[in-house]
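In: got a sequence here, can you model it:
(one chain, ligands or ions: 2)
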Amino acid sequence: MGGERFAHKTENGFDRCIRCGLCLQSCPTYLETMTETSGPRGRIALMAEVAGDRLPCTSPGFVEQMSQCLGCLACEEVCPSGVPYGAMLEGARAVVEAAQAPLRSPAARRRRHFLLITLFTHLSLLRLVAAGLRLAQRLGLDHRLERLGLVARLGLENAAALAPRLPERPFRARNQRIEVPGSRTLAFLHVGCIMPLVFPSVHEATLRVLPHAGCACIVPNDQGCCGAIALHSGEPEAARRMAQSNIEAFERSGAQSYVVNAAGCGAALKEYGRLFADDPAWAKRAERFSACVSDICEFLDAGELDPLGSLELDVTYQDACHLGHAQRIHDAPRRLLARIPGLRLVEQREAELCCGSAGLYNLLEPAMAARLGERKVRNIIETRASVVATANPGCSMQMDAGLRAAGARVRVAHVVELLDDAYRSYEAGTRSRSASASSNVR
Ligand code: SF4
Ligand code: SF4
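Out: Ligands and ions are numbered 1, 2, ... in the order given. Have a look, this model is predicted:
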């Protein structure tokens, strides 16, 4: 049942697990259920059974656990034995997908392929769908279609409930180029698939902030989706095709750095080396590419910044799993926030616990996603902060929806948006200082 192929992909992770249980308290699904099978150790035991061909990969318990796992990698980060849980989960999901694909009806297969692969390979198509959704939202048709059951028939009922109101103008990569005299590097901005449609303001803020770090930047229009959604859905071949196209775009651009402001994309882009480890034609190129990738927080934190203006705000920071656990970046965003004069950083309880978004998780596992979302919202509200900062679009959408549902007036912002606000505040302060200086002269 695919056990041999799966075992090959898991880098002997089963042998490395010493069953110490140190990962349990960091696992969101274990904390919610307190059951062994819904924790990392139980899932690893199930994977070992499948890899040893003692359990079919189609067994309901195995399929359920591979789906219920968030892929948040909190367990991998705390594991003293270095169990490569993320790679093992990827392998397990690919095996489940290979077994399930032939059982689907042709219509279901086409729909899945369209939603997970076609839309993310052809971003112009995704933009078209987003334009339709934007129009439906403006005309109030989205709720009407939902009531008629049309959205459910497409298997998108949770997507419709979670879909944020799309902004009027999406961000478009149009080969923009921002020159900075004496710049320290030329940065390639990764635009991605969902970010430009839902959070164009984060890209705009990034382009305004990078020059304050002495960086020139470009936004090439031949880039695409990072492939994370395909990879996490058990479609590694599709993910590799998307990765190849991004590597080529970066090589053509002449940029030295590849900057990403979505933690999920950044984690996937940094893994291209591993994605092509068995492909001699691409392995070196992929490794070189991944070595140039930086999350915007680590990138800005590593260098000098122009002086920031003051923001009198209480801000709490939520660690995005794919920034904290996957990329091990915890301090850089906090240090950046601490650089803003007047801003008070208030730590929340369980800041590193997944909010339940996890890519498509809140569509596939809505009940667990909702429980984790409510837990996160309670922890945020408890801080009494007026802003929750994070660094990933999925977390932003999940927290925003949860906070609104709870009636809490808390702004959700990317770290780079707060830096951008601080630069505006600095410029406003400079303008008012020079206006009062010139009125004193008169
Ligand atoms: S912490 Fe690591 S070694 Fe210990 S049970 Fe969890 S996965 Fe296994
Ligand atoms: S990836 Fe996250 S949800 Fe999955 S087993 Fe590890 S800690 Fe638990």
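In: list the buried ones in stretch 107-115?
Out: Across stretch 107-115, burial judged by 16 or more other Cβ atoms under 10 Å covers 111-112, 115. Any C-beta I mention is one placed from the backbone N, CA and C, and that applies to glycine too.
In: TSV please, covering those and showing pLDDT and secondary structure.
Out: Shown next, in TSV, are the buried residues of stretch 107-115 (pLDDT from 0 to 100; DSSP: H, G, I helix; E, B strand; the rest coil):
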residue	pLDDT	secondary structure
R111	89	helix
R112	88	helix
L115	88	helix
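In: can I get those residues in a markdown table with distance to A243?
Out: Shown next, in a markdown table, are the buried residues of stretch 107-115 (distance: Cβ to Cβ, whole Å):
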| residue | distance to A243 |
| --- | --- |
| R111 | 24 |
| R112 | 21 |
| L115 | 20 |
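In: closest to ligand 1 out of those residues?
Out: R112 (30.7 Å; Cβ to the nearest ligand atom).
In: apart from its neighbours in sequence, what residue is nearest that closest one?
Out: Spatial nearest neighbour of R112, excluding adjacent residues (Cβ to Cβ, 6 or more residues apart in numbering): R104 at 7.0 Å.
In: do the same with R174
Out: N221 (5.8 Å).
In: Three-state assignment for the one you found, please.
Out: coil (DSSP: H, G, I helix; E, B strand; the rest coil).
In: can you give me phi and psi for it?
Out: Main-chain dihedrals, N221, degrees, to the nearest 10: phi -90, psi 10.
In: what segments of the chain are strands?
Out: 176-178, 185-189, 215-219, 257-260, 293-295, 314-317, 344-345, 387-390, 411-414 (DSSP state E).
In: E64 is nearest to which of those?
Out: Of all the strands of the chain, it is strand 387-390 that lies closest to E64, at 28.8 Å by Cβ to Cβ.
In: relative to ligand 2, which of the strands of the chain is closest?
Out: Once those are compared by Cβ to the nearest ligand atom, strand 387-390 is nearest, at 17.4 Å.
In: packing partners for that closest one?
Out: strand 314-317, helix 393-405, strand 411-414, helix 415-441 (3 or more Cβ pairs under 8 Å, 6 or more residues apart in numbering; DSSP states H and E).
In: for the stretch 201-350 of the chain, which segments are assigned as helices?
Out: Secondary structure of the stretch 201-350 of the chain (DSSP state H, counting those that start in this stretch): helices at 228-232, 236-253, 263-269, 272-275, 283-292, 296-301, 321-324, 331-338.
In: mind putting those into CSV with distance to ligand 2?
Out: Shown next, in CSV, are the helices of the stretch 201-350 of the chain (distance: least, Cβ to the nearest ligand atom, whole Å):
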stretch, distance to ligand 2
helix 228-232, 11
helix 236-253, 18
helix 263-269, 12
helix 272-275, 17
helix 283-292, 21
helix 296-301, 22
helix 321-324, 7
helix 331-338, 20
